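>>> what follows is a predicted protein model with its sequence.
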Amino acid sequence: MVLSLIKRNIDKLLLTFLILSTLIPRFGAIDNNAIRWMALSLICFTYLLKNLKLGCLKLSNKHLLFTSLIICYLLFSIFISNNSIEGIISLYKIIILIIIFFICIDIFKKISSPFFKLCVVFSISLFIEGSFTLIQFFSFSDSLTGIASNANISSSSIIIKLPLIIFLSFQPVNKREFLLLKIIEIISITSVIILGSRFGVLCLFLIYFLNILIYKKERLNQVFSILFVIAFSFYINTTDKSDRLTVDSLSIENLSNDESTNQRLNFYKKALDLSFKKPVFGYGLGSWKYESLPYNENKNRELLVPYYTHNDFLQIFFELGIIGLIFYLSFLISLFKKIIKIDNNYKSLLIIMLIVFLMNSLLNFPLHRSQEIVPFLMVAALIFFFSLKSKGQKRESRLSYSFLLGLLLPLLGLSYLEHNSLKIQGKLISDYNQGLFSLEEKELNKINYYIPNLSATGVPLSSYLSRYYFEQKDYNKSLELLKYSTKANYKDLLTQELLLKNYIFLGENNLALILAKKLLQTYTENLLYAQVYFSLIYDLNLKDELSIELLENNRKVDFHLLFFKTLEKFKDFNSITKETLIKKSLEIFPDNSKILKLHSKKRN
């Protein structure tokens, strides 16, 4: 009987499993992203395998053509990128999303009342997400991040689903169902507020404001929820229950000084400045995390890795150029047009959900997190289903289930490799931060540093491994790994520092000098790089390197003093040139006593 029930409801269950897959914990990895993509791949694989006898997935000709063009362009984008492996890692996730989108449309065609079935699925997800957050909160956990291990992602995940639950409570349901929906709604509201995401709280007010504006007959229904939002927000702000969200944190003055806000603005500036250098095709899929570093404002080695731009539109423009952005905007515009043409009472609700998603895309990175993008894709699939149903599907193409199954197999393998990598990365990064070498050589040899070749910090995995071989005095092996690292992320600071150490220990002083000079030009205030650079100049007897341009390009007095300390070691240095250099330094630091002393000494 149970098996028979499961068989009859298998499509609905698969829809539920797709959502629940985005809530899976880390399972020993430092990030839950890869394991969730792997779970999504498995669910899709199961669905396709179940329907294999049917032969083909029926799609609109336009949809199939549009999808083919996107994938072809993404393959081209990988070809032009500086790290094709990272591009492939990004591509496999996009392909999984496309397959999920088509599968959801297929499921909606088969089940009755797909809108209400999706509402039920979202309700289950919201109850789990909200309950998890509340348990964290009332257990006084040190880290209140929600089920995503990131407060902003957890909050956004709830916000994208919430409008459906609110709308469902407007429908004719019995008292028990209404009470259950209200409980889930209150749990969701409470979770968003205690997570402390400014975007989440502002979206709460926006959602209820738009609902009151649009669904005038349901205003009384929403009064309690709105009062609860206001009252609980006030309660949080006036107690010590949470230090994440206060009234002050939402003030205009503090927003301008807020570290998160300033970081976002800095990322936006980087993305725009660099994007206009390659506006047509961009830098290549998955390239933001390594191409955006270093940047022209870097002065020392304190570096923040901008793994995402916190604006999906800017990141698409950066990585895929204006062509890629047009593809993405075309999809969003198509969604909006289809919503407008839908002739049912879901139209306003779907517009609200699209607005919330677009706002999230402007401030965060929902495209890169399955917990946010999969629910949105389900809603998008529902919109396409309504559109197909209203106007009919005249011209169809058939996409073989066997082809999709074959496509999913390597995607499963990639997600598995990424998850395994994230498990070992925790140890590698921890060892680096603490200056430890806890892994034995046998363990090192088993580590796959090719796929993916970048760690969660943006540092090549081979760079983390190279430091172990350097410690074992196997400099050649260490150097071999670092040469691969420069291909994976040629701008990574850790890699360049390790390369510099290897060159020095191997006696490759000419290569060390070139690299030290490059580091010093990028991080002008780093005295360690200056010390190494000047030491190599003296060792190689390259006094011509001590040029006036060096002094002009560095405005740090300690650098100038190191410059003249090195210059004094060259007994045969031209005295007229030396006088010119000291005068140049005095122009920059006219009141510095040590440089004045050098000048007077020279004159005497």
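Great, that's in hand.
>>> how about the strands of the stretch 351-500 of the chain, start to end?
Under the criterion DSSP state E, counting those that start in this stretch, the stretch 351-500 of the chain contains strands at 396-400.
>>> now do the helices in it.
370-391, 401-434, 441-446, 461-471, 475-488, 493-505 (DSSP state H, counting those that start in this stretch).
>>> what residues sit buried inside the longest one?
Buried positions in helix 401-434, judged by neighbour count with 16 or more other Cβ atoms under 10 Å: 401, 404, 407-408, 411-412, 414-415, 417-429, 431-432. Where you see a C-beta, it was placed from the backbone N, CA and C, and this is true even at glycine.
>>> with the first one instead?
Of the residues in helix 370-391, those with enough neighbours to count as buried (16+ other Cβ under 10 Å) are 370-388.
>>> same question for the last one.
Of the residues in helix 493-505, those buried under the neighbour-count criterion (16+ other Cβ under 10 Å) are 493, 494, 495, 496, 497, 498, 499, 500, 501, 502, 503, 504.
>>> helices or strands next to it in the packing?
For helix 493-505, the elements it packs on are helix 461-471, helix 475-488, helix 509-522, judged by 3 or more Cβ pairs under 8 Å, 6 or more residues apart in numbering; DSSP states H and E.
>>> tilt between the first one and helix 401-434?
It refers to helix 461-471. 40 degrees (axes from the mean of the first three to the mean of the last three Cα atoms, to 10 degrees).
>>> I figured residue 45 hits residue 406, correct?
No: assessed by Cβ atoms under 8 Å, residue 45 is found out of contact with residue 406, at 10.6 Å.
>>> please list all residues in contact with residue 550.
The contact partners of residue 550, by Cβ atoms under 8 Å, 6 or more residues apart in numbering, come to residue 563.
>>> 10 Å instead, please
By Cβ atoms under 10 Å, 6 or more residues apart in numbering, the contact set of residue 550 is 517, 520, 521, 530, 533, 534, 537, 559, 560, 563, 581, 584.
>>> how is the chain carved up into domains?
Per the record, the chain has its domains at 11-110+395-444, 122-245+367-394, 445-603, by automatic domain parsing.
>>> can you say which of those domains is nearest to residue 347?
Among the domains of the chain, domain 122-245+367-394 comes nearest to residue 347, with 9.3 Å by Cβ to Cβ.
>>> now the closest one: mean pLDDT?
Confidence over domain 122-245+367-394 (mean pLDDT, whole number) is 82.
>>> how many residues are close by residue 153?
When neighbours are defined as other Cβ atoms under 10 Å, residue 153 has 26 of them.
>>> surely it touches residue 363?
No: counting by Cβ atoms under 10 Å, residue 153 does not reach residue 363; the two are 12.0 Å apart.
>>> what is in contact with these two at once?
Counting by Cβ under 10 Å, 6+ apart, the contacts common to residue 153 and residue 363 are residue 197.
>>> how near is residue 589 to residue 349?
65 Å (Cβ to Cβ, to the nearest Å).
>>> what about these two, which has more around it?
residue 349 (23 against 17).
>>> that older thread, let me have the domains of the chain in a markdown table, extended by distance to residue 292.
Output for these, formatted as a markdown table (distance: least, Cβ to Cβ, whole Å):
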| stretch | distance to residue 292 |
| --- | --- |
| domain 11-110+395-444 | 12 |
| domain 122-245+367-394 | 15 |
| domain 445-603 | 9 |
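>>> filter the contacts of residue 550 to the buried ones?
Among the contacts of residue 550, those buried by neighbour count (16+ other Cβ under 10 Å) are 517, 520, 530, 533, 534, 537, 559, 560, 563, 581.
>>> name the nearest residue to the fifth one, ignoring sequence neighbours.
For residue 534, the nearest residue in space outside its immediate sequence neighbours is residue 566; the separation is 4.1 Å by Cβ to Cβ, 6 or more residues apart in numbering.
>>> then the second one?
Once flanking residues are discounted, residue 520 sits nearest to residue 529: 4.5 Å by Cβ to Cβ, 6+ apart.
>>> for that neighbour, give me the pLDDT.
For residue 529, pLDDT reads 92.
>>> and residue 594, by the same measure?
At residue 594, the pLDDT value in this model is 80.
>>> that one: which element?
helix 593-603 (DSSP states H and E).
>>> tell me who's in contact with the closest residue to residue 569 other than its chain neighbours.
Leaving aside its chain neighbours, residue 569 sits nearest to residue 538 (5.4 Å; criterion: Cβ to Cβ, 6+ apart). Under the criterion of Cβ under 10 Å, 6+ apart, the neighbours of residue 538 are 545, 546, 565, 566, 567, 569, 570.
>>> so among those, which ones count as buried?
546, 566, 567.
>>> identify the residues contacting residue 462.
Residue 462 neighbours (Cβ under 10 Å, 6+ apart): 447, 449-450, 453-455, 478, 480-489, 495.
>>> can you do 6 Å?
Residues counted as contacts of residue 462 (Cβ atoms under 6 Å, 6 or more residues apart in numbering) are 449, 481, 484, 485.
>>> ok, residue 206 next?
Per Cβ under 6 Å, 6+ apart, neighbours of residue 206: none.
>>> the nearest residue to residue 95 once chain neighbours are set aside and residue 77, how far apart?
Distances taken as Cβ to Cβ, 6+ apart put residue 411 closest to residue 95, at 6.2 Å, once the chain neighbours are dropped. Residue 411 sits 18 Å away from residue 77, taking Cβ to Cβ as the criterion.
>>> and for residue 541?
From residue 541 to residue 77 the distance is 47 Å (Cβ to Cβ).
>>> neighbour count: those two, which is higher?
Higher neighbour count among residue 541 and residue 77: residue 77, with 25 against 9, using other Cβ under 10 Å.
>>> residue contacts, residue 357?
Contacts of residue 357 by Cβ under 6 Å, 6+ apart are residue 376.
>>> could you rerun that using 7 Å?
Neighbouring residues of residue 357 by Cβ atoms under 7 Å, 6 or more residues apart in numbering: 160, 366, 376.
>>> same deal with residue 274?
So residue 274 contacts 291, 292, 318 (Cβ under 7 Å, 6+ apart).
>>> burial count for the second one?
As a burial measure, the neighbour count of residue 292 was computed by other Cβ under 10 Å and equals 22.
>>> and the gap between it and residue 524?
Counting by Cβ to Cβ - residue 292 and residue 524 are separated by 19 Å.
>>> CA atoms of the host helix or strand of residue 163 as CSV?
Here residue 163, judged by DSSP H and E, is contained in helix 151-168. As requested, the backbone C-alpha atoms of helix 151-168 are provided in CSV (Å, rounded to 0.1, in the frame of the first residue of the first chain):
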residue,chain,number,x,y,z
ALA,A,151,22.5,34.6,7.4
ASN,A,152,21.9,36.5,4.2
ILE,A,153,21.4,33.3,2.1
SER,A,154,19.1,31.7,4.8
SER,A,155,17.0,34.9,4.9
SER,A,156,16.8,35.2,1.1
SER,A,157,15.8,31.6,0.8
ILE,A,158,12.9,32.2,3.1
ILE,A,159,11.9,35.5,1.5
ILE,A,160,11.6,34.0,-2.0
LYS,A,161,9.1,31.3,-0.8
LEU,A,162,7.1,33.4,1.6
PRO,A,163,4.8,35.2,-0.9
LEU,A,164,3.4,31.8,-2.0
ILE,A,165,2.5,30.9,1.6
ILE,A,166,0.8,34.2,2.3
PHE,A,167,-1.2,33.9,-0.9
LEU,A,168,-2.2,30.4,-0.1
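>>> how far off helix 370-391 does it point, in degrees?
Computed by the same axes, to 10 degrees, the angle between helix 151-168 and helix 370-391 is 30 degrees.
>>> quick check: next helix or strand after helix 151-168?
helix 175-195.
>>> and that next one with helix 151-168, angle?
Using the same axes, to 10 degrees: helix 175-195 against helix 151-168 is 160 degrees.
>>> go through the next helix or strand after helix 175-195 and flag the buried ones.
Downstream of helix 175-195, the first helix or strand assigned by DSSP H and E is helix 198-214. By 16+ other Cβ under 10 Å, the buried positions in helix 198-214 come out as 198, 199, 200, 201, 203, 204, 207, 208, 210, 211.
>>> low pLDDT regions in the stretch 451-600 of the chain?
599 (pLDDT under 70).
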